[in-house]
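Colleague: let me see the structure of the following:
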Amino acid sequence: MTLFRLAVALSALLLAGCKNTDIPDEIASIFVEASPTSGGTMRQEVRLPVSGLAITVMTRPLVPAEELLGTQPITSGEPDLRQEFLLVQLDRKAAVDVMNYTKDAIGRHFVLVINDSAVGIMPIDNQIMDGNLIFHVEKKGMSNTQAVMDISRRLNISALKLRKLKESERQ
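Modeller: Prediction:
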């Protein structure tokens, strides 16, 4: 088959609506709150969808999507103020990066971003040693519990697809 025919055949397949279901729809990354001294081109503002809280974050994520292992809903807080949170588990490399970063970042925040939208925030209260991050998440039109369950389900599907893509690249 000539190169031209091959290109036409591939174009026809794409136009016919073939979709690779192994590519995740949602790409989640964890960004860090920018310090006041960081340069303007290295910073961007994101806004949580329900509270409207605006946070200025660095333009590069500390934890890219491929370093997220999975998520899980958890309940935490005082007995009369219990709330649902999203536990995000990191791979070993990301856990070390977070441990090193949080050593000197007490008082700042992590921001969970899916595609280009901020969906969660986590204050850095102490150095994080175990690679587990706990986010308060928000989604318009959903209660706290619904948002946690929905985001957890979607991110676990994406994490699985990213792991499969990574494994297929190794082979």
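Colleague: just list whatever residues bridge to the residue nearest the centre of the chain.
Modeller: Nearest residue to the geometric centre of the chain (C-alpha atoms, centre = their mean): Ala28, 2.5 Å. Beta-bridge pairing of Ala28 under DSSP bridges involves Ile114.
Colleague: return the residues in contact with it.
Modeller: By C-beta atoms under 8 Å, 6 or more residues apart in numbering, the contact list for Ala28 reads Ala65, Leu68, Leu112, Val113, Ile114, Leu155, Ser158. Yep, even glycine has a C-beta here, placed from its N, CA and C like the rest.
Colleague: element containing the last one, please.
Modeller: Which is Ser158. helix 144-170 (DSSP states H and E).
Colleague: just the helices in this protein please.
Modeller: Here the chain has its helices, by DSSP state H, at 3-15, 92-102, 144-170.
Colleague: wait, which of these is closest to Gly40?
Modeller: Evaluated with C-beta to C-beta, these place helix 92-102 nearest to Gly40, the distance being 21.3 Å.
Colleague: what's that closest one in contact with?
Modeller: 32, 62-63, 67-68, 90, 124, 126-131, 133.
Colleague: do the same with stretch 81-88
Modeller: Contacts of stretch 81-88 (C-beta under 8 Å, 6+ apart): 30, 68, 71-77, 112, 120, 132-137, 144-145, 148-149, 151-152, 155.
Colleague: and those, which of them are in strands?
Modeller: Counted as lying in strands by DSSP state E, out of the contacts of stretch 81-88, are 30, 68, 71-76, 112, 120, 132-137.
Colleague: give me the buried subset of those residues.
Modeller: By neighbour count, with 16 or more other C-beta atoms under 10 Å, these hold Ile30, Leu68, Thr71, Pro73, Leu112, Gly120, Leu133, Phe135, His136, Val137 as buried.
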